[in-house]
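In: Sharing a model that was predicted from the sequence below.
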Amino acid sequence: MISRITTVEMHTGGEPLRIITEGIPVPQGRTLLEKRAYLRDQADQYRQFLMFEPRGHKDMYGALLVPADHPDADLAVIFMHNEGYSTMCGHAIIALGRYALDYGLVVKDTTETRVNIQCPCGLVTAYVTTTEGVTGAVRFESVPAFALALGTYVETADYGPVEIDIGYGGAFYALLDAASIGLDVHRSSTADLVQGATQISEAVKQQLKITHPEEADLGYLYGTILTDGGDGADDVASANICVFADAQVDRSPTGSGVTARLAVAAAHKTATVGEIYRFESVTGAIFTGKIMHSTKVGPHGAVTVEVSGQAYYSGSADFTAEEGDPLAGGFLLR
């Protein structure tokens, strides 16, 4: 029986982040990936307790801070959602950067404070603005990101053959213009967009092999991002909707998704180093993205991407389970 778990609640662009501060034992394992695997395989009741109803909902997102094994990390994090455990989460990095500063996990600098966060995909460096009068502004530089496939096709039941790109930004995404399957990210209903994105994700998982050249545990499709067909250049934001895990909808522009989009754009040679691109979510929130450096990941040409956004506090909570409650472990209705 889980007795009591305390959390700090934040959001980035409307996407929630439930930061677990007390009540979950440190998962066993030497490395972060081993701790993530232990939580997934041996202690998943904590994720269900906090992400599922009646304490959460299908679109809840969480973060458990654990001891880092990377020598340069200030903290390490395990991400969780309605289906399991992610490898990277940009909206969470933006929130955790601010949290780390405010809760004394790092020493505050005058105008900007650096926070090194070890994620399952690798070390991510966040920079928290500490200039007076600026609230919640954080930027981070991604792990090396790359295009796994460009202009490949999957066969779908409702849309026929669909052309997609697959990009990695700490997690793998299928990317496509919503118009290519008869949808519009501005005008189509969220339900229709979720249905379309979910069908694409299922087709990719069934028909394509997703592998990461350096770490097998990172090699799976996380979700599908439907775009408005724009590129986010010239100060004109490109809207997108990210549907990940079990039909979970990201309220933010998706930090790892912005990274993947720019990695794919770099591979298409439609985005250049140093230019700023803007991306808009279903809530109207804006992230900016900028390609910082070129590199390689295995055989793939890769880039690192700087993503910027703002995170805010929304509360704190004590979650408990009463003895005899048959629904104490959590449930989902959809």
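Out: Arrived safely, thanks for sending.
In: what's the neighbour count on Cys119?
Out: Cys119 has 28 neighbours, counted by other C-beta atoms under 10 Å. (Glycine included, C-beta is placed from N, CA and C.)
In: Please tell me I have it right and it contacts Ile93.
Out: Yes - at 7.4 Å, Cys119 counts as touching Ile93 under the criterion of C-beta atoms under 8 Å.
In: Number of residues surrounding Ser3?
Out: Ser3: 8 neighbours (other C-beta under 10 Å).
In: do the same with Asp59
Out: Residues within reach of Asp59, counting by other C-beta under 10 Å, total 16.
In: Show the backbone phi and psi for it.
Out: Per-residue torsions, Asp59: phi -110, psi 20 (degrees, to the nearest 10).
In: can you tell me which residues contact it?
Out: Contact analysis of Asp59 by C-beta atoms under 8 Å, 6 or more residues apart in numbering lists 16, 82, 248-249, 251.
In: which other residues reach stretch 42-55?
Out: Looking at what lies outside stretch 42-55 - C-beta under 8 Å, 6+ apart - the contacts are 2, 5, 7, 18, 20, 24-25, 27-28, 39, 56, 60-62, 64, 80-82, 84-85, 317, 319, 321, 327-333.
In: Buried members of these into ChimeraX, please.
Out: Typed into ChimeraX, the next command selects the buried ones out of these (criterion: 16 or more other C-beta atoms under 10 Å):
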select :2,5,7,18,20,24,27,39,56,60,61,62,64,80,81,82,85,319,321,328,330
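In: So which of the contacts of stretch 42-55 sit within helices?
Out: Judged by DSSP state H, these include Leu39 as members of helices.
In: So which of the contacts of stretch 42-55 are in strands?
Out: Judged by DSSP state E, strands contain the following of the contacts of stretch 42-55: 5, 7, 18, 20, 62, 64, 80, 317, 319.
In: okay if I get those as JSON lines plus pLDDT and distance to Asp235?
Out: Shown next, in JSON lines, are the ones in strands among the contacts of stretch 42-55 (pLDDT from 0 to 100; distance: C-beta to C-beta, whole Å):
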{"residue": "Ile5", "pLDDT": "98", "distance to Asp235": "43"}
{"residue": "Thr7", "pLDDT": "98", "distance to Asp235": "37"}
{"residue": "Arg18", "pLDDT": "98", "distance to Asp235": "34"}
{"residue": "Ile20", "pLDDT": "98", "distance to Asp235": "38"}
{"residue": "Gly62", "pLDDT": "98", "distance to Asp235": "34"}
{"residue": "Leu64", "pLDDT": "98", "distance to Asp235": "38"}
{"residue": "Met80", "pLDDT": "98", "distance to Asp235": "35"}
{"residue": "Ala317", "pLDDT": "98", "distance to Asp235": "39"}
{"residue": "Phe319", "pLDDT": "98", "distance to Asp235": "42"}
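In: Dump those residues to a markdown table, plus distance to Ile210.
Out: What follows is the ones in strands among the contacts of stretch 42-55, written out as a markdown table (distance: C-beta to C-beta, whole Å):
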| residue | distance to Ile210 |
| --- | --- |
| Ile5 | 33 |
| Thr7 | 32 |
| Arg18 | 28 |
| Ile20 | 29 |
| Gly62 | 24 |
| Leu64 | 25 |
| Met80 | 21 |
| Ala317 | 36 |
| Phe319 | 34 |
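In: Which one of those is nearest to Ala216?
Out: Distances from Ala216 to these, taken as C-beta to C-beta, are shortest for Met80 (20.5 Å).
In: Is that closest one in contact with Ala63, as I believe?
Out: Yes - taking contacts as C-beta under 8 Å, Met80 lies within contact range of Ala63: 7.4 Å.
In: Which residue ranges of the stretch 1-150 of the chain form helices?
Out: 32-42, 45-51, 90-102 (DSSP state H, counting those that start in this stretch).
In: possible to save those helices as CSV with distance to Ser308 and mean pLDDT?
Out: Output for the helices of the stretch 1-150 of the chain, formatted as CSV (distance: least, C-beta to C-beta, whole Å; pLDDT from 0 to 100):
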stretch, distance to Ser308, mean pLDDT
helix 32-42, 25, 97
helix 45-51, 27, 98
helix 90-102, 8, 98
